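Participant: 3D, please:
(chains A and B)
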Amino acid sequence: MRAYLTSPRFLRAALPAASFAILLAAIFYVQPRAMSYFGMNLMLQYTVPIALATIAQMFIITVNDLDLSIGPFVGLTACIGATLLADTPVLGLLALLACIAAYAALGALIHWRNLPSLVVTLGMSFVWLGIAVLILPTPGGTAPGWVKAIVGLKTPLVPFPIIAAIVIGIVVHVALMTSSYGAVLRGAGGNPRAIGRAGWSLLKIKMVMYAAAGFFGVLSGLSLIGLTSAADAHIADRYTLYAIAGVILGGGEFVGGRVSPIGAVIGAMTLTLTGSFLTFLKISPDWQIGAQGGILIIVLALRALINRREG
Amino acid sequence: MSVIRVLSGRAWVWSFLGMFLVWLVTAVYTGGKGSADVITAALSFATFTVIVGIGQMFVITTGPGNVDLSIPSTIALSGAVAMKLMGSSNDMLAIGLAASLGCGLAVGIFNYLLIRVLRIPPIIATLSSSFLILSTAIAYGRGLKIKPPPMLAEFTTAQVGGVPILAIVIILFAILMSVVLNRTVYGRSVLAIGQNMRAAWLAGINVERIRFMTYVLSALLAAICGFLLSGFSGGASLNMGQEYLLASIAVVVIGGTSVAGGKANVPGIWGAAMFMFLLVTMLNTLGASAGIRLIMTGLIIVAVITIAGGDEPQR
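Facilitator: Residues are numbered from 1 along each chain as shown, chains lettered A, B, ... in the order given. Next up, the predicted model:
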């Protein structure tokens, strides 16, 4: 038992949850009043959109790519949600489906021409932002009532954001980590050539993963406007960085298809909590992103330490 | 015929061709009015992109996965620190520049330590350090409204016959860096590492030292860019580096440097930087809205990388 608890494998898996728990404990220590239904709800309400964007990024990282456009993409879907989807639901739905299709097409393009995802998605981030600005030149719009209703759900005992985060984590975990096609998808990140030789279409895998990322990007955008009730083209610009950081904090490796959906959700929650923690410590919000960077570095340092023991 | 063959073998030609085409469309549309001014403006603005582009090019050339995402925050920090120290006084110019370079040096060393000691992939390392750097810049430079020393402002905006002095300096610098890339041990090592890190190591190249120097170089150039940019735009602002994240990577790619590493091109960066500026100018002249301009910029970057194609993976 003791050997298992100190094995690098266990430590690595426990690291995301441990960092989250430590941060949460620190918050409760500094501000005991945060330890309530209302407090938790307030601190974690933005977890849902960030966790969804993190999951989207995780799908891309699984196949050894990186999406630098997920932030603006979430912004775009938020804009569509607050305008088209609210005014003409059918048109809005079609637009969101087109967004997902565009992501699948990007996956196909990147695979077909063997392109660096970094450059393609960096270029696309401008495209998403441009379309969002065309749809909604000034901040505004209104979120559809049903979106607000879902996000604003008052669940008994445990606040909605926590339940939602758990559900998201488990659903994606079951789909990606326990299903047989999920194993193939992850294998495409670990050893694409082997998966290709085994007869799986790598093109299809890339398209599936990018489409999944697009789908979760759309969900992220919708849940975001459910909270803010209005949208803006720049509303989610920072999500690109949050999403990458969340995946890495959650134990995802950059290459090799080694990812963890539940870890990614915990990573997203850790990032959301950082802001509240600094507020409670009365540290200027100037340092918020710095603290997030610091946590990222500390967690990565710990992981490097664990990996080194593994030899 | 042979001229065409020779030229088409050189990737940077395309960026200059694109630049010329875009300029021509603008000139035809406006009936040639102000076409020379457009070139002057393009030279002034492209200069800053070129400075960071060269640093990014060396980083990208060291191989897949190497990219410096901390350039924008380094620009912001260096500008803020320099402006605050100099306090609009000419006498402090040297100290301001030294502080700027010091920021760059520190960022470069920090980035490399993260990559080397913690074995963090460069993208994540430079990303996390950019968080810290940006926070430092925000905390340090809050409410900063200091004008640059008159000499710096003059130097960065001076022109000779429609050609900005700074652009001439940076063109000379680009030539120097081209020589460094192609004719020095350092430059050849960077190329060799990008082509095959293991082979380079077996050939006796001190891979880690070269990578260290490359990340420091990139951070130093970002710092210089921040220093000059705050002189050029009448003071430092915290988001003045923002657009250089995409720009630095885009000019490297459009300029014909291989994203897979091992193949770099300095002149292409100038062509690409001019092209990017003139493209936006053209869209402006044609009356495109902000949204259309963003979409076109993005699509052209994607189109260029699609046509240039991914190189065969070199593993």
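
Participant: surely A:Ile170 touches A:Thr178?
Facilitator: No. In this structure, A:Ile170 is not within contact of A:Thr178 by Cβ atoms under 8 Å, at 10.3 Å. The C-beta positions use only the backbone N, C-alpha and C, and glycine is treated the same way.

Participant: so which of those two has more stuff around it?
Facilitator: Between A:Ile170 and A:Thr178, counting by other Cβ atoms under 10 Å in any protein chain shown, A:Ile170 is the more crowded of the two (13 against 9).

Participant: need the contact list for the closest residue to that one other than its chain neighbours.
Facilitator: Take A:Ile170 and drop its neighbours on the chain: the residue closest to it by Cβ to Cβ, 6 or more residues apart in numbering or on different chains is A:Ile262, 7.2 Å away. By Cβ atoms under 8 Å, 6 or more residues apart in numbering or on different chains, A:Ile262 lies in contact with A:Gly169, A:Ile170, A:His173, A:Gly250.

Participant: out of these, what pair is the most spread apart?
Facilitator: Among these, the pair separated by the greatest distance (Cβ to Cβ) is A:Ile170 and A:Gly250, at 14.1 Å.

Participant: any low-confidence regions in the stretch 101-250 of chain B?
Facilitator: The model of the stretch 101-250 of chain B has pLDDT under 70 over residues B:143.

Participant: can you pull out the helices in the stretch 51-200 of chain A?
Facilitator: Assigned by DSSP state H, counting those that start in this stretch, the stretch 51-200 of chain A shows helices spanning A:70-82, A:84-87, A:89-112, A:117-135, A:145-151, A:160-173, A:180-190, A:192-197.

Participant: so which bits of the shortest one are buried?
Facilitator: Just to be clear, that refers to helix A:84-87. Of the residues in helix A:84-87, A:Leu84, A:Leu85, A:Ala86 count as buried by neighbour count, 16 or more other Cβ atoms under 10 Å in any protein chain shown.

Participant: and those, which is closest to chain B?
Facilitator: Using Cβ to the nearest Cβ, A:Leu84 comes nearest to chain B of those, at 15.2 Å.

Participant: so, low pLDDT: which residues of the stretch 201-311 of chain A?
Facilitator: Low-confidence segments of the stretch 201-311 of chain A (pLDDT under 70): A:310-311.

Participant: what parts of it come near chain B?
Facilitator: Taking Cβ under 8 Å from any Cβ of the partner chain, the part of the stretch 201-311 of chain A that reaches chain B is made up of A:241, A:244-245, A:248, A:254-255, A:284, A:286-294, A:296-297, A:300-301, A:304, A:307.

Participant: show me where the stretch 101-250 of chain B has helices.
Facilitator: With DSSP H, counting those that start in this stretch as the criterion, the stretch 101-250 of chain B has helices at B:122-141, B:150-157, B:165-183, B:185-195, B:197-202, B:207-232, B:244-254.

Participant: only C-alpha atoms, please: export stretch A:206-217 in PDB.
Facilitator: Output for stretch A:206-217, consisting of C-alpha atoms alone and laid out as PDB, is shown next (Å, rounded to 0.1, in the frame of the first residue of the first chain):
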ATOM      1  CA  LYS A 206      -8.100  14.200 -36.600                       C
ATOM      2  CA  MET A 207     -11.500  15.300 -37.900                       C
ATOM      3  CA  VAL A 208     -13.300  13.700 -35.000                       C
ATOM      4  CA  MET A 209     -11.000  15.200 -32.400                       C
ATOM      5  CA  TYR A 210     -11.300  18.700 -33.900                       C
ATOM      6  CA  ALA A 211     -15.100  18.400 -34.200                       C
ATOM      7  CA  ALA A 212     -15.200  17.400 -30.600                       C
ATOM      8  CA  ALA A 213     -13.100  20.400 -29.700                       C
ATOM      9  CA  GLY A 214     -15.500  22.600 -31.700                       C
ATOM     10  CA  PHE A 215     -18.500  21.100 -30.000                       C
ATOM     11  CA  PHE A 216     -17.100  21.800 -26.500                       C
ATOM     12  CA  GLY A 217     -16.000  25.200 -27.700                       C
END
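
Participant: can you give the contact residues for it?
Facilitator: By Cβ under 8 Å, 6+ apart, the residues outside stretch A:206-217 that reach it are A:52-53, A:55-57, A:59-60, A:62-63, A:67, A:70, A:73-74, A:77, A:99-108, A:110-111, A:185, A:188.

Participant: quick one: mean pLDDT for stretch B:26-46?
Facilitator: Looking at stretch B:26-46 alone, the average pLDDT works out to 87.

Participant: any chance you could list what contacts it?
Facilitator: Residues outside stretch B:26-46 that contact it (Cβ under 8 Å, 6+ apart): B:23, B:157, B:159, B:162-164, B:166-167, B:232, B:270, B:273-274, B:276-278, B:281-282, B:285-286.

Participant: roughly how far apart are the residue nearest to A:Asn307 when sequence neighbours are not counted and chain B?
Facilitator: Once flanking residues are discounted, A:Asn307 sits nearest to A:Pro8: 6.7 Å by Cβ to Cβ, 6+ apart. Going from A:Pro8 to chain B by Cβ to the nearest Cβ, to the nearest Å gives 14 Å.

Participant: these two touch, right, A:Pro8 and A:Arg303?
Facilitator: No. Assessed by Cβ under 8 Å, A:Pro8 is found out of contact with A:Arg303, at 9.6 Å.

Participant: neighbour count winner among the two?
Facilitator: Set A:Pro8 next to A:Arg303 and count neighbours by other Cβ under 10 Å: A:Arg303 wins out with 22 against 15.

Participant: who touches the residue lying closest to B:Ser178 once chain neighbours are set aside in this structure?
Facilitator: Distances taken as Cβ to Cβ, 6+ apart place B:Val266 nearest to B:Ser178, at 3.9 Å, with adjacent residues excluded. Counting by Cβ under 8 Å, 6+ apart, B:Val266 touches B:Ile54, B:Met57, B:Ala174, B:Ile175, B:Met177, B:Ser178, B:Leu181.

Participant: mind checking which of those are buried?
Facilitator: B:Ile54, B:Met57, B:Ala174, B:Met177, B:Ser178, B:Leu181.

Participant: off-centre distance for the host helix or strand of B:Ser73?
Facilitator: Remark: B:Ser73 resides in helix B:71-86, with elements defined by DSSP states H and E. Distance of helix B:71-86 from its chain centroid, counting by Cα atoms, centre = their mean, to the nearest Å, is 16 Å.

Participant: what's it packed up against?
Facilitator: Under the contact definition 3 or more Cβ pairs under 8 Å, 6 or more residues apart in numbering or on different chains; DSSP states H and E, helix B:71-86 sits against helix B:35-61, helix B:93-117, helix B:122-141, helix B:207-232, helix B:244-254.

Participant: between the first one and helix B:185-195, how big is the angle?
Facilitator: Following axes from the mean of the first three to the mean of the last three Cα atoms, to 10 degrees, one obtains 70 degrees for the angle between helix B:35-61 and helix B:185-195.

Participant: which of the residues in helix B:35-61 are buried?
Facilitator: Neighbour counts using 16+ other Cβ under 10 Å place B:38-40, B:42-61 of helix B:35-61 among the buried residues.

Participant: same question, the third one
Facilitator: Taking 16+ other Cβ under 10 Å as the neighbour-count basis, helix B:122-141 is seen to contain the buried residues B:122-138, B:141.

Participant: and A:Ile110, what does it touch?
Facilitator: A:Asp65, A:Ser117, A:Val120, A:Lys206, A:Tyr210.

Participant: tell me which of the helices and strands packed on helix B:71-86 sits nearest to A:Leu24.
Facilitator: That would be helix B:122-141 among the helices and strands packed on helix B:71-86, by Cβ to Cβ, at 21.1 Å.

Participant: got the angle for that closest one vs helix B:207-232?
Facilitator: Angle, helix B:122-141 to helix B:207-232, by the same axes, to 10 degrees: 40 degrees.

Participant: now for helix B:122-141, which elements pack on it?
Facilitator: Here helix B:122-141 touches helix A:239-249, helix A:288-310, helix B:71-86, helix B:93-117, going by 3+ Cβ pairs under 8 Å, 6+ apart.

Participant: of the ones you listed, which approaches A:Arg33 most closely?
Facilitator: In terms of Cβ to Cβ, the element of these nearest to A:Arg33 is helix A:288-310, at 20.9 Å.
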